[in-house]
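Student: Structure for the following, please:
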Amino acid sequence: MIDPAFAAHFAANWAEAWNDHDLDAILAFLHDDFEMVSPAIVRIAGVDSGRLAGREAVSAYWAKALSQFPNLNIEIVQVLSGIDSIVVYSRIGQGRNLAETFYFDDASSSTPMVTRSISHYTQ
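Tutor: The predicted structure follows:
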């Protein structure tokens, strides 16, 4: 099970990297084989499946997203711990909410890496 203190620390650092628009810091959390599933991928990247795999594809997508939303600000509302995943519930501006599920390769290691994320948004 993922320690709630680790989950809170990860969420705070994740939000800080996004709020700083620091793509390198964001990518530092990710396993090389990271996979992302998000409805935003359909809108921003034009990928009908809403899925991206690999750090390179995700990096290009997030660079585009950061350029389209220069005032993006993530405010953490709640963090939930699971067996090998956490859910981060946030406000992202303009009345939108975001729930992201992050799966980790080995939460017991000193540097667990995110292997997969699934995002859900309010419209």
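Student: can we go C-alpha only for contacts and neighbour counts from here?
Tutor: Noted.
Student: Where do the helices of this protein begin and end?
Tutor: 4-19, 23-27, 39-45, 55-68 (DSSP state H).
Student: how close does the closest residue to residue 73 other than its chain neighbours get to residue 72?
Tutor: Excluding its sequence neighbours, the residue lying closest to residue 73 (C-alpha to C-alpha, 6 or more residues apart in numbering) is residue 19, at 5.2 Å. Per C-alpha to C-alpha, to the nearest Å, residue 19 is found 7 Å from residue 72.
Student: what do you get for residue 37?
Tutor: 19 Å.
Student: what's the answer for residue 119, then?
Tutor: Separation of residue 119 from residue 72 (C-alpha to C-alpha): 16 Å.
Student: Ok, residue 2 next?
Tutor: Relative to residue 72, residue 2 is positioned 28 Å away (C-alpha to C-alpha).
Student: Okay, now the unreliable bits of this structure?
Tutor: Per-residue confidence for the chain (pLDDT under 70) gives these ranges: 107-109.
Student: and if we set it to 80?
Tutor: For the chain, applying pLDDT under 80 flags the ranges 94, 106-110, 123.
Student: related to what we said a few turns ago, would a markdown table of the helices of the chain with distance to residue 114 be doable?
Tutor: Listed next are those as a markdown table, based on distance: least, C-alpha to C-alpha, whole Å:
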| stretch | distance to residue 114 |
| --- | --- |
| helix 4-19 | 10 |
| helix 23-27 | 10 |
| helix 39-45 | 18 |
| helix 55-68 | 11 |
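Student: for these, which one sits closest to residue 92?
Tutor: helix 4-19 (10.0 Å; C-alpha to C-alpha).
Student: Alright, calling it a day.
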